[in-house]
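A.B. asks: task: produce atomic coordinates for the following.
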Amino acid sequence: SSSSSSSSSSSSSTAARTTTHRPAVDTMLYWLRWLYTHVVALLTPWPAFGATPADATRRWTTRSFMCTPLDVDENLHMNNASYLSFAEFARRSHYIATVRAMRNAGRYDAASAFARAVAAANAVRYRREVHLFAQFRIETRIVATAGRSFYFEQRFVSPRDGSVLCHLVNRTALIDKHAHAYRLLGLDAEL
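C.D. replies: This is a model prediction of the structure:
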């Protein structure tokens, strides 16, 4: 009995050592993706307004990514946390592009400009695997606003065949109690 408990504890410590992440590398990759997201969002031309500002906010933006060795689990497909991380970058990129378009059109609420936002809820449906080194794109749009919240719809799409790999709905909330999501987007009322 004592030999089985000692072998089980040594195997569990070995498992713990083999699954340990390298926080410095993960952190560096996060900030490199963050920088990439912001630079691309600021340099990408945004289409002119539609008939109304609501049309402009509902436009899809697309960002391309690749699944790296730091994004996979032991099955060599993208882990659940990486889906949420990539979705966050795509939402941020969409938000920057949308606010930039509203500002260029003179419909930007500067009072809400510095409101901080947090992910308040995610509903995710994983449909197909994203394998190591697979490229994919994330299509993002704002589908609604309510008070201090934005509701985003996101699709992870395979560039090879156009199949949806993952579908995600996110509620992002503004922390500042005086900020209103629709005003930040330059809208006159809720979507």
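A.B. asks: could you use CA atoms for every contact and neighbour count after this?
C.D. replies: Will do.
A.B. asks: can you tell me the helix or strand for Cys166?
C.D. replies: If you go by DSSP states H and E, Cys166 is part of strand 164-174.
A.B. asks: ok, the nearest residue to Val72 once chain neighbours are set aside - contacts?
C.D. replies: Spatially, and ignoring its direct neighbours in sequence, Val72 is nearest to Met78 (4.2 Å; C-alpha to C-alpha, 6 or more residues apart in numbering). Residues in contact with Met78 (C-alpha atoms under 8 Å, 6 or more residues apart in numbering) are Cys67, Asp71, Val72, Glu129, Val130, His131, Leu132.
A.B. asks: how about 7 Å then?
C.D. replies: Counting by C-alpha atoms under 7 Å, 6 or more residues apart in numbering, Met78 touches Cys67, Asp71, Val72, Val130, His131, Leu132.
A.B. asks: from the residues you listed, which would you call buried?
C.D. replies: For the contacts of Met78, a neighbour count by 16 or more other C-alpha atoms under 10 Å gives the buried set as Cys67, Asp71, Val72, Val130, His131, Leu132.
A.B. asks: I figured the last one hits Asn79, correct?
C.D. replies: No - assessed by C-alpha atoms under 7 Å, Leu132 is found out of contact with Asn79, at 10.4 Å.
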